[in-house]
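Engineer: Build me a model:
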Amino acid sequence: MSVLDTGSDSSRVPLQPLRPAAPPDSAWSVLDEELVRAQRVANDNIERADLDWLCRGFSAFLASGGKLPLERCLRLPTNERALRRARRDHWLRLAWQEIDATVSSWRRSEMLAVEVHRFQIGKWLRWANFEQAPAGASALDSALFEAFRSHERVPSTAMQLHNIAGQRRSA
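Structural biologist: As a prediction, the model looks like this:
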């Protein structure tokens, strides 16, 4: 099963690497990278960098004498709730990237907030029991479908979505 999978058939939604947007928030980009690595390892599609990641994680775990959870040493979510939130945020970032890139990052967040609301009151009501987004669904709707399947709460304000997209202002 894929780390980012929300159902029982991991082949139903291929993991998509995030396309670079404006300078991403390093915390979420690292988490997405680690989740993608975990998926490759789980699917026996290991790259050299994945072996290095596993070695560093296991070294940290062993150096701590097992006091630190292995998930933390591998920089992965440490419980089911955190993993579900990470999945949701991953799919919301993909949805954010499907919004018109010619507008400002804030405007993209505002537009995504409108799309989240539209999806929630329309398509989600019809699609909630589906195992996957219907064939022919747009990439935006497919990402929103996965976000809604991943977590019972999906942020709907432009500010929340802007923060998830990694567009926070640095202080």
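
Engineer: The one helix or strand residue 125 maps to - contacts with which helices or strands?
Structural biologist: Per DSSP states H and E, residue 125 falls inside helix 123-127. Contact here means 3 or more CB pairs under 8 Å, 6 or more residues apart in numbering; DSSP states H and E; on that basis helix 123-127 packs against helix 139-150. Heads up, the C-betas are built off the backbone N, CA and C, glycines and all.

Engineer: just checking, what packs against the helix it packs on?
Structural biologist: helix 80-98, helix 105-121, helix 123-127.

Engineer: Which residue is the nearest non-sequential neighbour of residue 40?
Structural biologist: residue 50 (5.6 Å; CB to CB, 6 or more residues apart in numbering).

Engineer: Now that neighbour. Its backbone dihedrals?
Structural biologist: phi -70, psi -40 (degrees, to the nearest 10).

Engineer: quick one on the thing from earlier: go through the helix holding residue 125 and flag the buried ones.
Structural biologist: Buried residues in helix 123-127, counted by 16 or more other CB atoms under 10 Å: 123-124, 127.

Engineer: contact partners of that helix?
Structural biologist: 133-134, 141, 144-145, 148 (CB atoms under 8 Å, 6 or more residues apart in numbering).

Engineer: Selecting buried members of these in ChimeraX, what would you type?
Structural biologist: Buried members of the contacts of helix 123-127, defined by 16+ other CB under 10 Å, are picked up in ChimeraX with:
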select :133,141,144,145,148
